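Student: How does the following fold in three dimensions:
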Amino acid sequence: MTDKQQWVTEKWQDVETRYRIQSVLYEDNSEFQHTRIVDSDRYGRMLLLDGIVQTTEKDEFIYHEMLVHVPMLSHPNPEKVLIIGGGDGGILREVLRYKSVTMATMVEIDPGVIELSKKYLPSINDGSFEDSRVNIIISDGAVFVKDTTEKFDVVIVDSCDPIGPATVLFSKAFYGDIHNLLAKDGIMVCQTGSLHMQPGEQVETYNLLSEIYGYARPYVFTVPTYIGGLFSAMFCSDDINPEKNDLSVIEEKAAMNNIKTRYYNPGTHIGAFHIPGFLKERLI
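Tutor: Modelled structure (predicted):
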């Protein structure tokens, strides 16, 4: 009997994850990458770049909330925010929740991701591209941070895995350029991959960033559709140690900004920096 059901498969060296889908909404190659948007049974619409799941309608909020609210609520008054990548608009959506934000600059190399996300994933960007505080720049993020003279309070690097056009976003020169454009109390966060499937990424990034920033601290959270489930990010600053954050202060700032979230809360913020023992051992 022939299986007429459609599936999409994310393939790694020794692991494959399959998702049953209802239809393929879009599939094509841009100048930079292969893009596919599908409508899945379990996770709603999904965006895949070069065969890797980037975001889904059902669990996107976890990644976007943890990449945004951890740095934003750690900063005393974030006004100017820079987003590298993030073409689906989820990071931008969360950044714009803050009353203090006067400008959110997003640098995306592939304009097709933005347009396709507007068309097929409107619930993720939720109209954020149309906000008057937003400045969208179509460019290579590494070139932008090298050339700009602007200063930013928070920089969020929402990159793909270190393959193809995103490779340069994992270099010492790139992170050094970001360090140079941070204002006082500035914070940079970046994703550092799956704890189980990409262990080398956490070690390499931690060692690199520890040489550049006064504080480089990993934090963890769980995203069901990111391979291996347990995912990581790195918090970097010269002035702010995230492990010294006061829970009551975070709660007060979240309430002041009326931050309503589905995964993030001040408790998960503090807890995310209490990393698993096996990750701590890797980074020693």
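Student: contacting residues around Ile62?
Tutor: With contact taken as Cβ atoms under 8 Å, 6 or more residues apart in numbering, Ile62 is in contact with 221-223, 262-263. Where you see a C-beta, it was placed from the backbone N, CA and C, and this is true even at glycine.
Student: Now list the buried members of those residues.
Tutor: Buried by 16 or more other Cβ atoms under 10 Å: 221, 223, 263, out of the contacts of Ile62.
Student: now do the same end-to-end measure for stretch 72-85.
Tutor: 18 Å (Cα to Cα, to the nearest Å).
Student: oh, I was asking about stretch 28-38
Tutor: Taking Cα to Cα, the first and last residues of stretch 28-38 lie 12 Å apart.
Student: Quick check: mean pLDDT of that stretch?
Tutor: Averaging the model's pLDDT scores along stretch 28-38 yields 94.
Student: Enumerate the positions of it that are buried.
Tutor: Within stretch 28-38, the residues that qualify as buried are 32-33, 35-38, counting by 16+ other Cβ under 10 Å.
Student: ok, now stretch 55-70?
Tutor: Along stretch 55-70, the positions that meet the burial threshold by neighbour count (16+ other Cβ under 10 Å) are 55-57, 59-70.
Student: cool, and stretch 122-136?
Tutor: In stretch 122-136, residues buried by neighbour count (16+ other Cβ under 10 Å) are 124-125, 128-129, 133-134, 136.
Student: can you give me the helices for the chain?
Tutor: 60-72, 90-95, 111-120, 122-125, 141-147, 172-181, 199-210, 247-256, 266-272, 277-283 (DSSP state H).
Student: so where is the stretch 51-200 of the chain shaky, pLDDT-wise?
Tutor: For the stretch 51-200 of the chain, the stretches with pLDDT under 70 are 160-170.
Student: Most widely separated two among the buried residues of stretch 28-38?
Tutor: The span of the buried residues of stretch 28-38, defined through Cβ to Cβ, is set by Phe32 and Val38 at 19.6 Å.
Student: is it possible to export the buried residues of stretch 28-38 to a markdown table including distance to Tyr19?
Tutor: Formatted as a markdown table, the entries for these read as follows, by distance: Cβ to Cβ, whole Å:
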| residue | distance to Tyr19 |
| --- | --- |
| Phe32 | 24 |
| Gln33 | 19 |
| Thr35 | 16 |
| Arg36 | 11 |
| Ile37 | 13 |
| Val38 | 8 |
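Student: one step back: please identify which of the helices of the chain is closest to Asp14.
Tutor: Taking Cβ to Cβ as the criterion, helix 199-210 is the member of those that comes nearest to Asp14, at 13.7 Å.
Student: then that closest one to CSV, C-alphas only?
Tutor: Taking C-alpha atoms only, helix 199-210 is exported to CSV below (Å, rounded to 0.1, in the frame of the first residue of the first chain):
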residue,chain,number,x,y,z
PRO,A,199,28.3,21.0,21.0
GLY,A,200,31.4,22.4,19.2
GLU,A,201,29.4,25.6,18.4
GLN,A,202,28.9,26.5,22.1
VAL,A,203,32.6,25.9,22.9
GLU,A,204,34.0,27.8,20.0
THR,A,205,31.7,30.7,20.4
TYR,A,206,32.2,30.9,24.2
ASN,A,207,36.0,30.9,23.8
LEU,A,208,35.8,33.5,21.1
LEU,A,209,33.4,35.9,22.8
SER,A,210,35.2,35.6,26.2
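Student: helices or strands next to it in the packing?
Tutor: Applying 3 or more Cβ pairs under 8 Å, 6 or more residues apart in numbering; DSSP states H and E, one finds that helix 199-210 makes contact with helix 172-181, strand 182-194, strand 215-222, strand 230-237, helix 277-283.
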